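>>> Got a predicted model here, sequence first, then my questions.
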Amino acid sequence: MSAQITAQTKSGLLPEKFHETIDGKETALYTLTNSNGMEACVTNYGARLVSLMAPNWNGRMEDVVLGYDNVMDYHTKGQNFGATVGRYIGRIKGPYFTLDGKVYMLQDDGKGHISHGGKPGFQNRVWDVCEVDNQRIKLRYISPDGENGFPGELTVILTYTLTDQNTLDIDFKATTTKPTVLNLSNHSFFNISGDLSRTILTQHLWIDSKEIATYDKNKNVDGNVMAVAHTPFDFKKPHEIGERIDRDHPQLAVTGGYDHTYILRHPGNLQKPAAILYDTQSGRTLTVYTTEPAIQIYTGNGLKGNQIGKNGIKYQRRSAICLETMHIADSPNRPQFPSTVLRPGKEFHSKTVFKFSTDPPLIMKVEK
């Protein structure tokens, strides 16, 4: 495994800045490369994607994800750049859920819900590195029974694979010792322009969805869905992200921009794209495929320019988009939504593929 801890990376990251001991466990930076010159850097702190070098229209490799250049910033600054979020991404109200007639009280953040699995969550844990080679890394985290209130000892295996087809594949498998709920996702902040100081407002977005889950005034999922037709949320045809982001709409008013769960039209189908993102300046296209039933679109509305990331860049508002493949928040309390229950003897399996290309017409050819 140590062979993958390189002297320096194409992204300019220095592996020694990721050599620390956190909660008694060692952290490191691991580098994946493919035959086309792409590079992905991963740290076992929070099983995070730290950098992702992808080619632009003329082959120049540029980093397309936000993040920090050292592990202690990830540890102390509380941002989910590139993180694996769990046990449950999104909010669970109460915070509690009932399963098989038993009520499970969860960690309360003081606002009547638990968010992103509580603190510390999976994003704050040092994962074990099980296997690593030039193009793949397998990590494991064993969440103890009762962690932040969730039942069952949960064993999660995460595999990142950088393929020669210019895809970054993210594969989750999990088993539990007791009936529990589970909603895992990667929380990378993408800016496929390769210029992480730019906003993503001129990038074009298409989503395979006709409806979103709606929020109440406190940004809690209210159990309802809303058709996106004739609203600023309609990306069934590609639109620039910034074209309608500041329109007068009750759901945009709650979140200050896009931060909503889109319910996919072809859930579980890895052959059909869930979302496509295109940047005219760089020529990059990012196509997302997933087995998950939904995708959370977050446009970095909470970034304020006070987070200093790689290369000293201050990440301004809306300088990234998150494409979080997942189940819907608060599903344990919303039987109308797809179940997030995992039982002993069963294996949870979720896969998401981020495919990079420089084929601009692709976004115009998608099924309408």
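Everything's here; your move. Residues are numbered from 1 along each chain as shown.
>>> Could you look up the SS state of Leu76?
Heads up, residue 76 is Thr, not Leu. Classification of Thr76 by DSSP: H, G, I helix; E, B strand; the rest coil places it in helix.
>>> Likewise for Pro332?
helix.
>>> ok, and the closest non-adjacent residue to it?
Nearest non-adjacent residue to Pro332, counting by Cβ to Cβ, 6 or more residues apart in numbering: Phe97, 3.5 Å away. For the C-beta atoms, the positions are set from N, CA and C on the backbone; glycine is no exception.
>>> Against Ile137, how distant is the one you found?
As judged by Cβ to Cβ, to the nearest Å, Phe97 and Ile137 stand 32 Å apart.
>>> What of Gly257?
In terms of Cβ to Cβ, Gly257 sits 33 Å off from Ile137.
>>> What of Gly256?
Look at Gly256 and Ile137: by Cβ to Cβ, they are 35 Å apart.
>>> now do Gln107
Taking Cβ to Cβ, one finds Gln107 at 29 Å from Ile137.
>>> I'd like to know how many residues surround Phe323.
Small correction: residue 323 is Leu, not Phe. Leu323: 25 surrounding residues under other Cβ atoms under 10 Å.
>>> bridging residues for it?
For Leu323, the beta-bridge partners are Ile297 (DSSP bridges).
>>> start at 57 instead
With the count now opening at 57, the last piece we talked about shows up as Leu379.
>>> Surely it touches Ile332?
No: at 10.0 Å, Leu379 does not count as touching Ile332 under the criterion of Cβ atoms under 8 Å.
>>> hey, what's in contact with both of these two?
The contact sets of Leu379 and Ile332 overlap at Leu342, Val344 (Cβ atoms under 8 Å, 6 or more residues apart in numbering).
>>> out of Gly313 and Ile193, which sits in the busier spot?
Taking other Cβ under 10 Å, Gly313 and Ile193 do not tie; Ile193 has more neighbours (25 against 19).
>>> Run through the residues that contact that one.
Counted by Cβ under 8 Å, 6+ apart, Ile193 has contacts Gln60, Tyr86, Leu88, Val98, Val185, Glu187, Thr215, Tyr216.
>>> so where do the helices sit in the stretch 157-306 of the chain?
Assigned by DSSP state H, counting those that start in this stretch, the helices in the stretch 157-306 of the chain fall at 306-311.
>>> ranges for the strands of it?
158-161, 169-171, 184-188, 192-199, 210-218, 223-232, 236-237, 241-243, 245-246, 260-263, 265-271, 277-283, 295-296 (DSSP state E, counting those that start in this stretch).
>>> follow-up on the earlier one: just name the closest of the contacts of Ile193 to Thr232, please.
Among the contacts of Ile193, Thr215 lies closest to Thr232 (Cβ to Cβ), at 18.8 Å.
>>> Tell me if I'm right that the closest one and Asp227 touch.
Yes: here Thr215 reaches Asp227: they are 4.5 Å apart, a contact under Cβ under 8 Å.
>>> Help me confirm that Asp156 comes into contact with Val237.
No: at 11.5 Å, Asp156 does not count as touching Val237 under the criterion of Cβ under 8 Å.
>>> neighbour-wise, which of these two wins?
Val237 (23 against 9).
>>> what's across from that one in the sheet?
Val397.
>>> For Thr255, see how far away it is.
35 Å.
>>> Also Asp201?
Per Cβ to Cβ, Asp201 is found 44 Å from Thr255.
>>> quick one, which of the two is more surrounded?
It is Thr255, of Asp201 and Thr255, that has more neighbours when counted by other Cβ under 10 Å, with 20 against 13.
>>> what's the neighbour count on Glu296?
Count around Glu296 with other Cβ under 10 Å applied: 15.
>>> Can you read off the pLDDT for it?
pLDDT for Glu296: 97.
>>> swap in Val422?
51.
>>> Please work out the average pLDDT along stretch 325-332.
Regarding stretch 325-332, the rounded mean pLDDT is 95.
>>> Distance from that stretch to the middle of the chain?
Counting by Cα atoms, centre = their mean, to the nearest Å, stretch 325-332 is centred 16 Å from the centre of its parent chain.
>>> Need the contact partners of that stretch.
Stretch 325-332 is contacted by residues 261-264, 291, 294, 318, 320, 322, 341-348, 351, 353, 379, 381, 407, 409, 418-419, 422-423 when judged by Cβ under 8 Å, 6+ apart.
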